[in-house]
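**Student:** sequence-free structure coming up:
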């Protein structure tokens, strides 16, 4: 009897193996496509965000460069209009400075006319000294005196007011071009000034701008007020930062001194070598790409499950005729039915398999019929000749008699042939 358990979740099940193999192929394709698309999407997003951010910082950098250059140029023109005679007449010099209201509006902490030892001869506005330190300590004053050129000095913190300050100076020359004094303009970076575009505007939702002096490795102005005059880490601490401070203009992703991963775009300021930077947290800069990546991930998972389900369902339909055939054979074996041709219920390979099986059944039926005919003829022959036949399987000790032999010994076929060991009792002693 045929005993078969149709457990299609077994690892030996054809449907399970085909489904898992197909799912493995589909998953390899889908997930490879997901990883490739995710990588390309992030790379494209970095490229687009970098281009947009660098464009924004370039525009702002051009504006800052123009403001600095314009102030330095006006300061230099004003210094050229101060003659040695005027420099020796403090009252006349003060009167001339008072008339330069435009110059006063460009330097919110005042304008000073100094001699070569740093003594203030006149100031604008008169009587207001916004800077409490020694005038000769100003970096821009020393550059103007020693190098005979207009310059933008280093940002510093005033010791009295504790506010960040910036000085610009232009040399006052005599007819021979010798330096006889300095005209200095001071800007209080803590008050409204021409750098408010950096200080008062953010980039994106949480990003902002920085104005950096690479010589001092110091942040001069920043959208984040806490970072104004912040000292940057020493060389070697953050390679990407060192690259920017060395003059690289472009965009990089790195971790800033605050421990935040940022997308930073830097542009040098030509007039004095400062660097303006637009920074944005990487989470915000790449949020659209990461949201899209997450959606693609969800879609890939859904497609994977859908592909598995459809493959399982499809294999179930394709293998249904074969499973029906197995069940039919199982029922016939249990009911001991005669072998009959199986119903041809499917085209293709499964139909060909059933057809081949039916052909083998037909051949077996022919052989069974021929064997039955031969057995019948043998039985008739034995009956006519009044002889019998028997066989003995030595290994199993199984004895089989022909029908005529049972008749000759007067035994009933239903009782079966006696064992070989008892055969001697059926014969006369003279027969041995």
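**Tutor:** Nice, I can see it. This structure is a prediction, so every number in the text was calculated from the model and none was measured.
**Student:** Who are the packing partners of the helix or strand of the chain with the lowest mean pLDDT?
**Tutor:** Lowest by mean pLDDT, DSSP states H and E among the helices and strands of the chain is helix 287-335, with a mean of 74. Packing contacts for helix 287-335, counted by 3 or more CB pairs under 8 Å, 6 or more residues apart in numbering; DSSP states H and E, involve helix 14-80, helix 348-385. Any C-beta I mention is one placed from the backbone N, CA and C, and that applies to glycine too.
**Student:** quick check: angle from the first one to helix 287-335?
**Tutor:** Between the direction of helix 14-80 and that of helix 287-335, the angle (axes from the mean of the first three to the mean of the last three CA atoms, to 10 degrees) works out to 180 degrees.
**Student:** Following the chain past helix 14-80, name the next helix or strand.
**Tutor:** Where DSSP states H and E defines the elements, the next helix or strand beyond helix 14-80 is helix 84-87.
**Student:** now the last one
**Tutor:** Next helix or strand after helix 348-385 toward the C-terminus (DSSP H and E): strand 390-393.
**Student:** List of residues touching that next one?
**Tutor:** 398, 399, 400, 401, 402, 405, 417, 420 (CB atoms under 8 Å, 6 or more residues apart in numbering).
**Student:** What about those, which are in strands?
**Tutor:** Taking DSSP state E, the ones among those that sit in strands are 398, 399, 400, 401.
**Student:** Go ahead and build a PyMOL selection from the buried members of the residues you listed.
**Tutor:** Of the ones in strands among the contacts of strand 390-393, the buried ones can be selected in PyMOL as follows, counting by 16 or more other CB atoms under 10 Å:
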select buried, resi 399+401
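**Student:** so where's the stretch 101-250 of the chain uncertain?
**Tutor:** Counting by pLDDT under 70, the ranges of the stretch 101-250 of the chain that qualify are 126-134, 136.
**Student:** Please repeat the previous calculation with a cut-off of 50.
**Tutor:** Within the stretch 101-250 of the chain, no range satisfies pLDDT under 50.
**Student:** Also the stretch 301-432 of the chain?
**Tutor:** Within the stretch 301-432 of the chain, the stretches with pLDDT under 50 are 336.
**Student:** re the thing from before, would a markdown table of the ones in strands among the contacts of strand 390-393 with distance to residue 249 be doable?
**Tutor:** Converted to a markdown table, the ones in strands among the contacts of strand 390-393 look like this (distance: CB to CB, whole Å):
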| residue | distance to residue 249 |
| --- | --- |
| 398 | 101 |
| 399 | 106 |
| 400 | 104 |
| 401 | 110 |
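**Student:** residues touching residue 289, list them.
**Tutor:** 41, 42, 44, 45.
**Student:** Leaving out chain neighbours, which residue sits closest to it?
**Tutor:** The shortest distance from residue 289 to any residue other than its chain neighbours is 3.6 Å, reached at residue 45 (CB to CB, 6 or more residues apart in numbering).
**Student:** Run a quick neighbour tally on that neighbour.
**Tutor:** Residue 45 has 18 neighbouring residues, counting by other CB atoms under 10 Å.
**Student:** mind listing what it touches?
**Tutor:** Contacts of residue 45 (CB under 8 Å, 6+ apart): 286, 288, 289.
**Student:** On the three-state scheme, residue 118 is what?
**Tutor:** coil (DSSP: H, G, I helix; E, B strand; the rest coil).
**Student:** was I right about it contacting residue 135?
**Tutor:** Yes - using CB atoms under 8 Å, residue 118 is in contact with residue 135, at 4.2 Å.
**Student:** At which residues are the helices of the stretch 151-300 of the chain located?
**Tutor:** 196-199, 239-245, 282-285, 287-335 (DSSP state H, counting those that start in this stretch).
**Student:** out of these, nearest to residue 394?
**Tutor:** helix 287-335 (30.7 Å; CB to CB).
**Student:** now that closest one against helix 348-385, angle please.
**Tutor:** In terms of direction (the same axes, to 10 degrees), helix 287-335 departs from helix 348-385 by 10 degrees.
**Student:** next one: helix 287-335 to chain centre, how far?
**Tutor:** What separates the centre of helix 287-335 from the centre of its chain is 30 Å, taken as CA atoms, centre = their mean, to the nearest Å.
**Student:** about what we covered before: export the contacts of residue 45 to JSON lines and tack on distance to residue 23?
**Tutor:** Formatted as JSON lines, the contacts of residue 45 follow (distance: CB to CB, whole Å):
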{"residue": "286", "distance to residue 23": "32"}
{"residue": "288", "distance to residue 23": "32"}
{"residue": "289", "distance to residue 23": "29"}
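**Student:** Kindly indicate which of those residues lies nearest residue 142.
**Tutor:** For the contacts of residue 45, the residue nearest residue 142 by CB to CB is residue 286; the value is 46.0 Å.
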